[in-house]
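Trainee: Got a sequence here, can you build the structure:
(2 chains)
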Amino acid sequence: MNCAPVVDNRLSIEKSDAGRRGLWCKNPLRAKAAIPANLRRKAAPRLPELSEFDVVRHYTRLSRLNFSVDTHFYPLGSCTMKYNPRFYEDAAALEGFAALHPLAHDNCAQGTLELIHDLSARLTELCGLDAITLQPAAGAHSEFTGLLLAKAYFENKGETRTEIICPDSAHGTNPATASMMGFNTVNIASKPDGRLDVEELKKHIGPKTAVLMLTMPNTLGIFESNIEAIAKAVHDAGALFYMDGANLNALIGMVKPGDFGVDMMHLNFHKTFSTPHGGGGPGAGAIVCGKHLAPFLPVPLVKKSGSGYVSDFGDKRSIGKVKAFFGNTGVLVRAYAYMLAHSTKELGEIAACAIINANYVRSLLKDLYPSYSSEYCMHECVLTPGPDLTAKGIKTLDVAKGLLDRGFHAPTIYFPNIVHEAIMIEPTETESKETLDEFVAAMKDIHAQGMAAPQTLKDAPVTQPVKRLDEVQAARQPNLRW
Amino acid sequence: MPKPEEARYTKTHEWIHPGAEIAVGISDHAQHEMGDVVFVELPKVGQKLEKEKPCAVVESVKSAFDIYSPVSGEVTAINDAVTGEPALLNQSPLDKGWMFKIKPANPSEADTLMDWNAYQEFVKQSAH
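Mentor: Purely as a prediction, here's the structure:
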């Protein structure tokens, strides 16, 4: 008898059985009468007809197919899939924060206002800058807010600047934000060592340049060691220096970006301050900036007044709101709890752990998977399949699929796209040496499989609920509805 | 449409077929590197293009790529077949997979691009 488990991939509607119900409405006619005739639908909706037990079993089964950072190592480069302690959830669930009405008068919201005020002060200090908004809903929304500030700043000075410079090692959101704001993006090629070419920057920067958006460390996991020369070139042209701070978990507590000439930067709370990864939200971001940009920040801000705190609708030059009320304050509570739990020195040690973990993986794998750069990396490393695997026809995609069979989430692949066949690994600071050793062993095992029997690796994954998916057909002929 | 050796090439891997109207596409090397193309966005007929500025998008299973205009000029024709069937860029990059045609503002601009031998050398160099 064949006892192999049957994978049931049916949708709930495919399991539907006419007339089966989980709940019975006692008096459907009365419910119907409550809805005006012209608003009632003509035909009954096509909903799955299932019992409560059917539904419980369906979703429990789906949840067990879920692959998450709570179950497995998830080295997704550029995404910082780290462990966020549950304690911060408790803080956010405190009734005083969770049950506060957004329209509550300042007098009734003193705790939340104090938290926003103190979190603002701590973050501006950590970044070495002067002012901050916590309103944006995410990193990319922060970028958009930052460019709104830049636009307002130049309008206020009576200058028209139409260009944003982005190196090719930037996060993709940078040129996307510039386009959304109606700026022209000027792309600059990196030097062979993966850094911004200062001479090339000087050639492209000028009176038309509004902002240089620099991802730091960049997507190759490399620190821009020419940062002061870059800042000088930007300021000499009268432009603003924007730092994409999404990778701040590699720098936090060790350097203050304001010290090397950054005019403004954004923070991603889920990457640096241990708040949940969105999965649709809510998220939170911030723009931290210098004094010269402070008058344009979104309102309200929070200021101290006597013994308490008040909403500050301050400056008439403000760009206005970018999000309702004070933003997603539940996320801010978690970030604040994280900052209270760690001193600045400890935050620096956390960044050091992120860097050490990435270099540990890189140094153990670089002989089999050549690293983009021979230098030490920051919080993530970019590897590639070596010439031996390439000669066997093995691509980065095959290596990624091979990891699925070994119980790991695949790293980010084919990004950054300036690296041929990139494999971008970000172990994060919260992984143990044992986990990293297991991952390295899996990568070595994949190398051995690829050399000995390349076709078997091309067939991976073989242990998952579905086999190798046809990504081409899925993209060319997407089947988006049942 | 040109044979590979008749086309001229940019450093960003577009090919052109010089003439009164310049046909533009992506090189065989480029389509190979991108992998299976799943989406193509073309400029509009009549649109003014500037040399080396992004003017079209090609998306593959791996990533999205900007296509840079090899010369300055005005778009005179687009190949609608490739938006309906993006795989043409993989199957026939220099023939059925052509993307658009430009009336060049300055016909001598096309002469500054790499010829077949120079492009092959360029591809070889950038592999290291």
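Trainee: Secondary structure element for the closest residue to A:Leu404 other than its chain neighbours, which one?
Mentor: Sequence neighbours aside, A:Pro461 is the residue nearest to A:Leu404 in space, at 4.1 Å (criterion: CB to CB, 6 or more residues apart in numbering or on different chains). Quick note: C-beta positions are derived from backbone N, CA and C, even for glycine. Using DSSP states H and E, A:Pro461 falls within no helix or strand.
Trainee: give the contact list for A:Pro461.
Mentor: Applying CB atoms under 8 Å, 6 or more residues apart in numbering or on different chains to A:Pro461 gives the contacts A:401-402, A:404-405, A:467-468.
Trainee: I'd like to know how far it sits from chain B.
Mentor: In this view, A:Pro461 and chain B are 17 Å apart by CB to the nearest CB, to the nearest Å.
Trainee: now swap in A:Leu347 and tell me
Mentor: Counting by CB to the nearest CB - A:Leu347 and chain B are separated by 34 Å.
Trainee: What of A:Ala140?
Mentor: 16 Å.
Trainee: got the residues of chain B near chain A?
Mentor: Contact residues (CB under 8 Å from any CB of the partner chain) of chain B with chain A: B:33, B:36, B:38-39, B:61-63, B:65, B:86-87, B:127.
Trainee: For the residue nearest to A:Tyr360 when sequence neighbours are not counted, give me its contacts.
Mentor: In this structure, A:Tyr360 finds its nearest non-sequential neighbour in A:Leu436, 5.8 Å apart by CB to CB, 6+ apart. Applying CB under 8 Å, 6+ apart to A:Leu436 gives the contacts A:357, A:360-361, A:427.
Trainee: next one: B:Ile22
Mentor: B:16, B:70-71, B:73, B:101-104, B:110.
Trainee: on that earlier part again, does the residue nearest to A:Tyr360 belong to a helix, a strand or coil?
Mentor: helix (DSSP: H, G, I helix; E, B strand; the rest coil).
Trainee: okay, it: pLDDT?
Mentor: pLDDT recorded at A:Leu436 is 98.
Trainee: Would you mind measuring from it to A:Gly290?
Mentor: Per CB to CB, to the nearest Å, A:Leu436 is found 39 Å from A:Gly290.
Trainee: Equivalent analysis for A:Pro192, please.
Mentor: For A:Pro192, the distance to A:Gly290 equals 33 Å [CB to CB].
Trainee: For the residue in the stretch 201-350 of chain A that chain B sits nearest to, which non-adjacent residue is closest in space?
Mentor: At 11.9 Å from chain B, A:His204 is the closest residue in the stretch 201-350 of chain A, using CB to the nearest CB. Nearest residue to A:His204, sequence neighbours excluded (CB to CB, 6+ apart): A:Val186, at 5.3 Å.
Trainee: how many other residues sit next to residue 110?
Mentor: Answering for chain A, as no chain was given. For A:Gln110, the count of nearby residues is 15 (other CB atoms under 10 Å in any protein chain shown).
Trainee: Switch to chain B, please.
Mentor: Neighbours of B:Ala110 under the rule other CB under 10 Å: 18.
Trainee: Kindly provide the whole-number mean pLDDT of the lengthiest helix in chain B.
Mentor: Criterion DSSP state H: the longest helix present in chain B is helix B:116-126. When pLDDT is averaged over helix B:116-126, the result is 93.
Trainee: Who are the packing partners of it?
Mentor: Contact here means 3 or more CB pairs under 8 Å, 6 or more residues apart in numbering or on different chains; DSSP states H and E; on that basis helix B:116-126 packs against strand B:8-9.
Trainee: what residues does the strand it packs on touch?
Mentor: B:15-16, B:18, B:27, B:70, B:110-111, B:113-116, B:118-119, B:122.
Trainee: Residue nearest the middle of chain B, spatially speaking?
Mentor: Geometric centre of chain B, nearest residue: B:Gly25, 2.6 Å, by CA atoms, centre = their mean.
Trainee: In three-state terms, how would that one be classified?
Mentor: strand.
Trainee: give the contact list for residue 13.
Mentor: Reading this off chain A. Contacts of A:Ile13 (CB under 8 Å, 6+ apart): A:46-48, A:482.
Trainee: not quite, I wanted chain B
Mentor: Applying CB under 8 Å, 6+ apart to B:His13 gives the contacts B:26-27, B:29-30, B:33.
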